[in-house]
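> Got a predicted model here, sequence first, then my questions.
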Amino acid sequence: MSLTRYKKIRDFKRTPEPDSGKPPGDLPIFVVQRHKARNLHYDFRLEMNGVLKSWAVPKGPSLNPGDKRLAMMVEDHPLDYATFHGVIPEGNYGAGIVEIWDHGTYTLSDKSPNGPRGLKAGSLKFTLRGRKLKGEFALARMSGSGNAWLLIKHRDQYATDQPYESGDYTAKNSPINRALQKAGGRKKSGSKAS
Ligand code: MN
């Protein structure tokens with residue numbers, strides 16, 4: 001689809017209609033990308049201010065409120081990154097495999113400060129509507145640290161008290177799992193590594 005005609009027949013100095021981007025009222029999106037680079041990690045991204053605010057979560061998100069998952073804030077990514085998956089070739093930043101682990105929409109909690117202000121204050125509360133991640137979560141910046149945050153599930157109907165391993169909620173034949181099995185098969189066979 002193209003917006004050429006839409007734009008051609010309007011003068012955006014004269015109409016309040018948008019000339020690009022998502023229509024107002026659309027819920028912002030989130031995405032979690034599983035990324036096998038030097039280390040396997042999960043990139044948690046929230047749409048905010050026209051970009052994807054991004055955190056690298058080494059252990060991945062959890063639905064267990066007892067887990068406080070370290071989330072290192074990294075550089076903003078463009079919105080289009082939300083649908084990216086595939087191979088980043090050797091020699092490039094983050095070289096390895098990216099797969100989409102979860103995606104959906106989110107809403108910020110009413111509790112202020114939130115959104116861009118909460119980002120600055122180091123406290124975000126939000127509700128995710130994904131396939132795997134649902135319900136209320138918080139991202140809280142650790143005191144005295146620039147980039148280290150904690151991703152925490154709040155107690156609600158979607159929370160679990162069982163141990164939660166993000167990797168368990170991935171198709172066995174996902175590109176990353178296949179790569180890991182190949183590497184693991186070379187190193188050892190038999191008992192599961194802890
Ligand atoms: Mn990454």
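That came through fine. Residues are numbered from 1 along each chain as shown.
> ok, now which ones touch the closest residue to residue 134 other than its chain neighbours?
Distances taken as C-beta to C-beta, 6 or more residues apart in numbering put residue 158 closest to residue 134, at 4.2 Å, once the chain neighbours are dropped. All C-beta spots, glycine's among them, are computed from the backbone N, C-alpha and C. Going by C-beta atoms under 8 Å, 6 or more residues apart in numbering, residue 158 touches 63, 134-135.
> same thing with residue 69?
Residue 69 touches 57-62, 150-152, counting by C-beta under 8 Å, 6+ apart.
> Repeat the analysis, applying 6 Å as the threshold.
Contacts for residue 69 (C-beta atoms under 6 Å, 6 or more residues apart in numbering) come out as 57, 59, 62, 151.
> Now, those that are in strands?
57, 151 (DSSP state E).
> and which of the contacts of residue 69 is nearest to the ion?
residue 57 (9.4 Å; C-beta to the ion).
> Tell me, how many residues neighbour the closest one?
21 (other C-beta atoms under 10 Å).
> what pLDDT does it get?
Looking at residue 57, its pLDDT reads 98.
> can you check residue 3 too?
For residue 3, pLDDT reads 53.
> can you check the one 5 residues further on too?
Residue 8 carries a pLDDT value of 76.
> what does the one 5 residues further on give?
Reported pLDDT at residue 13 in the predicted model: 71.
> Looking at the contacts of residue 158, which is nearest the ion?
Nearest to the ion among the contacts of residue 158, with distances taken as C-beta to the ion, is residue 63, at 21.3 Å.
> doesn't residue 153 make contact with the closest one?
Yes. The pair residue 63 / residue 153 is scored as a contact, 5.4 Å apart, by C-beta atoms under 6 Å.
> Compare neighbour counts for those two and give me the winner.
residue 153 (25 against 20).
> which residues pair with the more buried one across the strands?
In this structure, residue 153 bridges to residue 137 when assessed by DSSP bridges.
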